[in-house]
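*Asks:* how does the following fold in three dimensions:
(4 chains)
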Protein chains: 2
Amino acid sequence: MDTFIEYVLQFGNLNKQQIDLIKSKATEIELHKDEYYWEAGKAVKQIGFLTDGILRVYYYNNKGEEITRYFIDEEHLILSGNNVDEFFIPSEYLQAITDCKMVVFSKQDWKDISETIIGWDSIVQKIITRHHTEKIKRRSDLISQDATARYLDFIEKFPKLVNRIPLSYIASYLGITASSLSRIRKNIR
Amino acid sequence: MDTFIEYVLQFGNLNKQQIDLIKSKATEIELHKDEYYWEAGKAVKQIGFLTDGILRVYYYNNKGEEITRYFIDEEHLILSGNNVDEFFIPSEYLQAITDCKMVVFSKQDWKDISETIIGWDSIVQKIITRHHTEKIKRRSDLISQDATARYLDFIEKFPKLVNRIPLSYIASYLGITASSLSRIRKNIR
DNA sequence: TAGCTTTTTTGTCATTTGGCAAGTGGTTTC
DNA sequence: GAAACCACTTGCCAAATGACAAAAAAGCTA
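*Replies:* Predicted coordinates:
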């Protein structure tokens, strides 16, 4: 819980009363490995903040292959569409790769917070933009490199994640086959 | 100008008075081919909306190669960082690929609009989110495919752009060399 | 622990892509 | 109009990656 508050405070100020309001609305939940936080086609009912663990977002491309679009690591806010969209139906899967801990808010509570705390929306907007910018950067930084460089780039950017994510997920994120990645790992050693 | 208003109206409602305010603050400018709208390291002073033409965003990777991160086509709002950031200094170049027409606002005018029109910020947020989501989608859709499929994907998504963008820019966007793309084009014919 | 399942590694070979250099065609410049 | 320039194309070969299959390793369950 405190992790979430600290995180938010990086993006804007909140007074004690406001912090208490947020805390009063928050629920801490656990998500076990392989469980889903979102599933394609099913309405999303919560806003969540990941405090522990790793999630991955994946989808199926036109060849039916499962592609990891990105990983979500600790200290990351998970919003549906543009902030709170009443009827947001994802087209992707958001699955726990490890056991996870999250702080979640119902959409209604999130709305209450937004209506009560002046400046809340602008804080959230900053967070969203930060996340998006990072994802786009990471993605396009990968494209100009060969597979080995992409992998090195990945372990540099996610040093804590490499050993906690199955090889096949990393491979699909990097756009190579699992066997290629296995060979790349061998060559690096 | 009207293009901009119409575009914004897709994301939220505005009354006549509010539309007039926006129009009164807007300036129409032209950007010639190869001119820059942003340059890495130089402060950005305007918010712009592209009504005609194509821009590209590029940067230099750690090998000093020029990499096109993405293209911006007509009907696209160009914001600095998270909406209006007073001191935003880009790390990338934003260059006109063709002659362009834009509607621009000074940061101060943009702020005035934001403070006067209730709901403006939320409209802008929706637009930002839409743009970001598209970019992330496009990028990760590319990564799981071979070069030919990436190019076919590109011409499917940007049918209007293919013939207006130099081959070498498209190649760097797709993460392949210019000669490879040239060969791919030959094979497709 | 044995047996089963899943993930990762490895081998072999085909295909794709890159690197480099030369060639082509079009445009600009003086 | 010749020279210089630029973007694109092409040829040749090397290197990287994929496809497929089998083996090895790791994880899970009874």
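*Asks:* skipping adjacent residues, who's closest to A:Lys126 in space?
*Replies:* Excluding the flanking residues, the one nearest A:Lys126 by Cβ to Cβ, 6 or more residues apart in numbering or on different chains is A:Phe11, at 4.6 Å. (Glycine included, C-beta is placed from N, CA and C.)
*Asks:* just read off the phi/psi values of that neighbour.
*Replies:* Dihedral pair for A:Phe11: phi -110, psi -10, per degrees, to the nearest 10.
*Asks:* please report how far it lies from B:Ile89.
*Replies:* Computed with Cβ to Cβ, to the nearest Å, the distance linking A:Phe11 and B:Ile89 is 19 Å.
*Asks:* which one's more surrounded, those two?
*Replies:* A:Phe11 (18 against 14; other Cβ atoms under 10 Å in any protein chain shown).
*Asks:* hang on, that one packs against A:Trp120?
*Replies:* No: the criterion here is Cβ atoms under 8 Å, and A:Phe11 misses it with A:Trp120 at 10.2 Å.
*Asks:* who in chain A is up against DNA strand C?
*Replies:* Within chain A, the residues that sit near DNA strand C (Cβ under 7 Å from any atom of the strand) are A:Asp146, A:Pro166, A:Leu167, A:Ser168, A:Ala178, A:Ser179, A:Leu181, A:Ser182, A:Arg183, A:Arg185, A:Lys186.
*Asks:* ok, these vs B:Val57, which is closest?
*Replies:* Comparing the residues of chain A next to DNA strand C against B:Val57 with Cβ to Cβ places A:Asp146 closest, at 22.7 Å.
*Asks:* ok, now which ones touch the residue nearest to A:Asp141 when sequence neighbours are not counted?
*Replies:* With sequence-adjacent residues excluded and distances taken as Cβ to Cβ, 6+ apart, A:Asp141 is closest to A:Asp153, at 6.5 Å. By Cβ atoms under 8 Å, 6 or more residues apart in numbering or on different chains, the contact list for A:Asp153 reads A:Asp141, A:Leu142, A:Gln145.
*Asks:* quick one: buried ones out of those?
*Replies:* With burial judged by 16 or more other Cβ atoms under 10 Å in any protein chain shown, the buried subset of those is A:Asp141, A:Leu142, A:Gln145.
*Asks:* closest to B:Lys126 out of the residues you listed?
*Replies:* A:Asp141 (27.1 Å).
*Asks:* can I get the longest helix belonging to chain A as PDB, trimmed to CA atoms?
*Replies:* What stands out as the longest helix in chain A, according to DSSP state H, is helix A:120-143. Taking C-alpha atoms only, helix A:120-143 is exported to PDB below (Å, rounded to 0.1, in the frame of the first residue of the first chain):
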ATOM      1  CA  TRP A 120      -5.500  13.700  -9.200                       C
ATOM      2  CA  ASP A 121      -6.300  13.400 -12.900                       C
ATOM      3  CA  SER A 122      -3.200  15.300 -13.800                       C
ATOM      4  CA  ILE A 123      -1.100  13.000 -11.600                       C
ATOM      5  CA  VAL A 124      -2.600  10.000 -13.300                       C
ATOM      6  CA  GLN A 125      -2.100  11.500 -16.700                       C
ATOM      7  CA  LYS A 126       1.600  12.000 -16.000                       C
ATOM      8  CA  ILE A 127       1.900   8.400 -14.900                       C
ATOM      9  CA  ILE A 128       0.200   7.100 -18.000                       C
ATOM     10  CA  THR A 129       2.300   9.200 -20.300                       C
ATOM     11  CA  ARG A 130       5.500   8.000 -18.500                       C
ATOM     12  CA  HIS A 131       4.500   4.400 -19.000                       C
ATOM     13  CA  HIS A 132       3.600   4.800 -22.600                       C
ATOM     14  CA  THR A 133       6.700   6.700 -23.500                       C
ATOM     15  CA  GLU A 134       8.900   4.000 -21.900                       C
ATOM     16  CA  LYS A 135       7.100   1.300 -23.800                       C
ATOM     17  CA  ILE A 136       7.500   3.000 -27.200                       C
ATOM     18  CA  LYS A 137      11.100   3.700 -26.500                       C
ATOM     19  CA  ARG A 138      11.900   0.200 -25.500                       C
ATOM     20  CA  ARG A 139      10.200  -1.200 -28.500                       C
ATOM     21  CA  SER A 140      11.800   1.000 -31.100                       C
ATOM     22  CA  ASP A 141      15.200   0.700 -29.500                       C
ATOM     23  CA  LEU A 142      14.900  -3.000 -30.200                       C
ATOM     24  CA  ILE A 143      14.000  -2.900 -33.800                       C
END
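*Asks:* stretch A:62-74 vs chain B: in contact?
*Replies:* Yes: using Cβ under 8 Å from any Cβ of the partner chain, stretch A:62-74 reaches chain B at A:Glu65, A:Ile67, A:Arg69, A:Tyr70.
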